[in-house]
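J.: All I have is the shape, not the residue letters:
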């Protein structure tokens, strides 16, 4: 343990920071705005998910449990993020 | 023709009327002629913040009904001869006036004044639609709180849908100490989330409440307070001047703060 780490820890104990809700409020806002900015209803989003799953599964086998499907927002641009862990390509597609 | 700017927010209580009163006064002090329009029919308050409540005789409705001339309804400010107020009616509601009528009044004022600032009511219903109808530009007031920022974001969408593309942000009621303790969003945080250009920031300050108690906008003080400087800076930026942002952290550059920043590197 270096001297600077010891001093830092001593300093933090002497003047503890308060909880720090700033990151949390930013994260919650980003999420709620992602939904506000699109006119997609939860039903439409779910239907879209099912149809995308249908198309993907024609080509690959994937881990349905590990799949992520969400709306994210960055600087006025809303993106649909789908993360699909692929197990393997279907053999019938390869042939 | 003068510039017609709506001051809006979505959420209530974030400081729209305070901003309108102070920006109007600040622009008048910079030598501009300014007409302030209260678009909050039924819940008018701009007259109070300006300390002009006892001098209101006619309102926008009497002008539209032809019961008086526009000039007769304008309340002239004795402290700043360049500033006038067109009051809203207090005993009627938002539907007492139409967007077309608001447009007509604002355009008449823009022929005679350099600036027409419209104080928008809270919400996004008919009062909001009336207030934004004549505007070419918008100043969006928000505070660093989750509900205010969410509502502001919704309003950006509505303004753009209405064809108002020139939108600038005012972040009000910043508490630098809370930002430093990571318990409040910073101006940059809010601006990045809303992704619109910044017109200025205003610190949270009890002198704002004192000034509204007295009906004396902060920018009228001989020795300007920090929020008074903040509003004056926004007015100067509207005039096209490049004014650096206020450094609110300066008073909190304490030894502890500096040590903390040093050690947390």
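T.: Received the coordinates, thanks. These numbers were taken from a predicted model, which means no experiment stands behind them. Numbers count the residues shown, from 1 in each chain, chains lettered A, B, ... in the order given.
J.: Number of residues surrounding the residue of chain B found nearest chain A?
T.: Nearest to chain A, among the residues of chain B, is residue B:182, at 3.8 Å (CB to the nearest CB). In short, each C-beta sits where N, CA and C put it, glycine included. Neighbourhood size, residue B:182 [other CB atoms under 10 Å in any protein chain shown]: 16.
J.: Distance of it relative to residue B:23?
T.: Taking CB to CB, to the nearest Å as the measure, residue B:182 falls 31 Å from residue B:23.
J.: cool, and residue B:93?
T.: In terms of CB to CB, residue B:93 sits 27 Å off from residue B:23.
J.: how about residue B:44, what does it touch?
T.: B:38, B:87, B:88, B:89, B:90 (CB atoms under 8 Å, 6 or more residues apart in numbering or on different chains).
J.: Apply 7 Å and report the result again.
T.: Residue B:44 makes contact with B:38, B:87, B:88, B:90, according to CB atoms under 7 Å, 6 or more residues apart in numbering or on different chains.
J.: tell me the secondary structure for residue B:138?
T.: On the three-state scheme (DSSP: H, G, I helix; E, B strand; the rest coil), residue B:138 is labelled strand.
J.: quick one on the thing from earlier: hmm, the residue of chain B closest to chain A is touching residue A:20, no?
T.: Yes. Between residue B:182 and residue A:20 there is a contact under CB atoms under 7 Å: 3.8 Å.
J.: In terms of neighbours, single out the busier of residue B:93 and residue B:23.
T.: A count of neighbours by other CB under 10 Å puts residue B:23 above the other of residue B:93 and residue B:23, at 27 against 12.
J.: State the number of residues packed around residue 95.
T.: Just going to use chain A. Neighbour count of residue A:95, defined by other CB under 10 Å: 5.
J.: try again with chain B
T.: There are 12 residues near residue B:95, going by other CB under 10 Å.
J.: I'd like the distance between it and residue B:61.
T.: Counting by CB to CB, the gap from residue B:95 to residue B:61 is 12 Å.
J.: By mean pLDDT, which helix or strand of chain A comes out lowest?
T.: When each helix and strand of chain A is scored by mean pLDDT, DSSP states H and E, helix A:3-14 comes last, with a mean of 72.
J.: so how far is the next helix or strand after it off the chain centroid?
T.: Moving toward the C-terminus from helix A:3-14, the next helix or strand (DSSP states H and E) is helix A:22-37. Distance of helix A:22-37 from its chain centroid, counting by CA atoms, centre = their mean, to the nearest Å, is 12 Å.
J.: Look at the residue of chain B closest to chain A and give its secondary structure.
T.: Once three-state DSSP is applied, residue B:182 turns out coil.
J.: bridging residues for the closest residue to residue B:132 other than its chain neighbours?
T.: Leaving aside its chain neighbours, residue B:132 sits nearest to residue B:6 (5.1 Å; criterion: CB to CB, 6 or more residues apart in numbering or on different chains). Per DSSP bridges, the residues bridged to residue B:6 are residue B:118, residue B:138.
J.: In terms of pLDDT, where does residue B:6 sit?
T.: Listed pLDDT for residue B:6 reads 98.
J.: Any idea how many residues pack against the residue in chain A that chain B sits nearest to?
T.: Residue of chain A nearest chain B, by CB to the nearest CB: residue A:20 (3.8 Å). For residue A:20, the neighbour count with other CB under 10 Å is 10.
J.: Now for it: which residues touch it?
T.: Residue A:20 touches B:182, B:183, counting by CB under 7 Å, 6+ apart.
J.: Would you mind listing where the stretch 151-265 of chain B has pLDDT under the threshold?
T.: Scanning the stretch 151-265 of chain B for pLDDT under 70 picks out the ranges B:251-254, B:256-265.
J.: go on, chain A?
T.: Filtered on pLDDT under 70, chain A yields the residue ranges A:1, A:11-13, A:15-19, A:73-76.
J.: that's a strand at residue A:61, yeah?
T.: Yes. Assigned with three-state DSSP, residue A:61 falls within a strand.
J.: Identify the residues contacting it.
T.: Here residue A:61 is in contact with A:87, A:88, A:90 (CB under 7 Å, 6+ apart).
J.: hang on, the first one in a helix?
T.: No. Under three-state DSSP, residue A:87 falls outside any helix and is assigned strand.
J.: How many residues are close by residue 56?
T.: The chain I'm using is chain A. 15.
J.: ah, I was thinking of chain B
T.: Residue B:56 has 18 nearby residues by other CB under 10 Å.
J.: What sits closest to it if chain neighbours are left out?
T.: Residue B:56 sits nearest to residue B:87 (CB to CB, 6+ apart), 4.7 Å away.
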